[in-house]
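*Asks:* Need the 3D shape of this:
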Amino acid sequence: ISRYGGFDGRLLSSITIEPNLWPTSAVIDWFNIVERTPDLPDRAGRMQEAEQILRSRLNFQGTTMGFSTERRDFLWWLLVSTDGNAARALLSLMDSPAWREDIPRMARGALGRQLRGRWDTTVANAWGVLAMEKFSMAFEREPVSGTATASIGGRSQSLDWSSNPKGRVFDYAWPNQRAELTVRSGGTGKPWVTIQSLAAIPLKEPFSSGYRIKKAMAPVEQQAQGSWSKGDIIRVRLEIEAQSDMTWVVVSDPIPAGASILGTGLGRDSRLATRGEKREGWVWPVFEERSFEGLRSYYEYVPKGSFALEYTMRLNSEGAFQMPATRVEAMYSPEMLGEIPNETIRVSPAR
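*Replies:* Below you'll find the model as predicted:
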């Protein structure tokens, strides 16, 4: 009714307005009602309150976007989904000057929510098409042409948009000293730029950028209490906390050289030793790789929240083993990751 100018703001006096208790879809509806109803009492304050609630629920991690209330926002019986909320929020907030700087990130985050090139429901796809059309009209009205140039540390690379309309990736080595990255576009339109920095830095403490990891090792069979020996069997438990929903996530945990992960069904395996392994949470791997390097579990979808997995390994070699970090990463959004360093494992000869 408010969309077509037929809503009377006085009708709201009969209900209690508490948008902070509402699902995100209702907050977006409320924001649209307030925006389209000029005679609403305390209109400016109510609009500011709705914007603050939406901003507090938005969760940006690199190039991805989610909502802190996604678990309770999926109201399938009302044809409401979290992907639809992302598209509707982008569509509703695009004209607000306070959100001007956030709209490109919201558009990129909404596109990043697609799975196999589409959003989760038909309604969400309809809202998504409308949101992207409006975004293109507001931010990409002019076609990109000419040449783009990026330079750092005396090295420069250029891109001709006529021969590379989809853009390309520029790779630069780390400069020996502090340097400034300069990106210029000569021509029409305003192209988008995504900047990533990669560096091999020794990990000394846990790092979290979207995922938090806890790792514990418990003996299943141990020859000497308090120390590891060749032939011991260890139960490894990984607890992972995801800060937002994400598709295609991989968990990688290394094992000492020469060790073997049990449960593969190959020779010298032990089905008895793997009894008691637990998996917790609403996630299931689509593929699990148990190699001589470590365990890798691939998940098609990981929702916000915590989950845990366990596996069992046997120590087959003696010595001191230094291992790389345990890592969780979103495969198509690598800025969403979590790492923890692994302590040196010392294995004594069999007793």
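
*Asks:* now residue 215, what's its secondary structure?
*Replies:* Here residue 215 is recorded as strand under DSSP: H, G, I helix; E, B strand; the rest coil.

*Asks:* Which residue ranges of the stretch 1-150 of the chain form helices?
*Replies:* 24-36, 43-57, 70-73, 82-93, 103-112, 122-139 (DSSP state H, counting those that start in this stretch).

*Asks:* Could you export those as CSV, including mean pLDDT and mean neighbour count?
*Replies:* Yep, even glycine has a C-beta here, placed from its N, CA and C like the rest. Formatted as CSV, the helices of the stretch 1-150 of the chain follow (pLDDT from 0 to 100; neighbours: other C-beta atoms under 10 Å):
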stretch, mean pLDDT, mean neighbour count
helix 24-36, 91, 20
helix 43-57, 90, 16
helix 70-73, 81, 16
helix 82-93, 92, 24
helix 103-112, 88, 20
helix 122-139, 93, 16
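
*Asks:* quick one, which of those helices is nearest to residue 280?
*Replies:* For the helices of the stretch 1-150 of the chain, the distance to residue 280 is smallest for helix 70-73, at 16.0 Å, taking C-beta to C-beta.

*Asks:* quick one: residue 140 from residue 86, how far?
*Replies:* According to C-beta to C-beta, to the nearest Å, residue 140 stands 19 Å off from residue 86.

*Asks:* swap in residue 58?
*Replies:* Distance from residue 58 to residue 86, counting by C-beta to C-beta: 9 Å.

*Asks:* give me the low-pLDDT residue ranges for the stretch 151-300 of the chain?
*Replies:* 265-268 (pLDDT under 70).

*Asks:* Quick one: the strands in it, in order.
*Replies:* Under the criterion DSSP state E, counting those that start in this stretch, the stretch 151-300 of the chain contains strands at 155-160, 182-186, 207-209, 211-221, 228-229, 233-242, 246-254, 260-261, 279-280, 285-290, 294-302.

*Asks:* now those strands as CSV including mean neighbour count and distance to residue 1?
*Replies:* Output for the strands of the stretch 151-300 of the chain, formatted as CSV (neighbours: other C-beta atoms under 10 Å; distance: least, C-beta to C-beta, whole Å):
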stretch, mean neighbour count, distance to residue 1
strand 155-160, 13, 49
strand 182-186, 12, 45
strand 207-209, 15, 44
strand 211-221, 16, 44
strand 228-229, 18, 70
strand 233-242, 20, 39
strand 246-254, 21, 37
strand 260-261, 20, 61
strand 279-280, 12, 47
strand 285-290, 14, 46
strand 294-302, 19, 37
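
*Asks:* okay if I get the ones you listed as JSON lines plus distance to residue 10?
*Replies:* Converted to JSON lines, those look like this (distance: least, C-beta to C-beta, whole Å):
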{"stretch": "strand 155-160", "distance to residue 10": "57"}
{"stretch": "strand 182-186", "distance to residue 10": "51"}
{"stretch": "strand 207-209", "distance to residue 10": "48"}
{"stretch": "strand 211-221", "distance to residue 10": "49"}
{"stretch": "strand 228-229", "distance to residue 10": "74"}
{"stretch": "strand 233-242", "distance to residue 10": "45"}
{"stretch": "strand 246-254", "distance to residue 10": "45"}
{"stretch": "strand 260-261", "distance to residue 10": "68"}
{"stretch": "strand 279-280", "distance to residue 10": "51"}
{"stretch": "strand 285-290", "distance to residue 10": "54"}
{"stretch": "strand 294-302", "distance to residue 10": "45"}
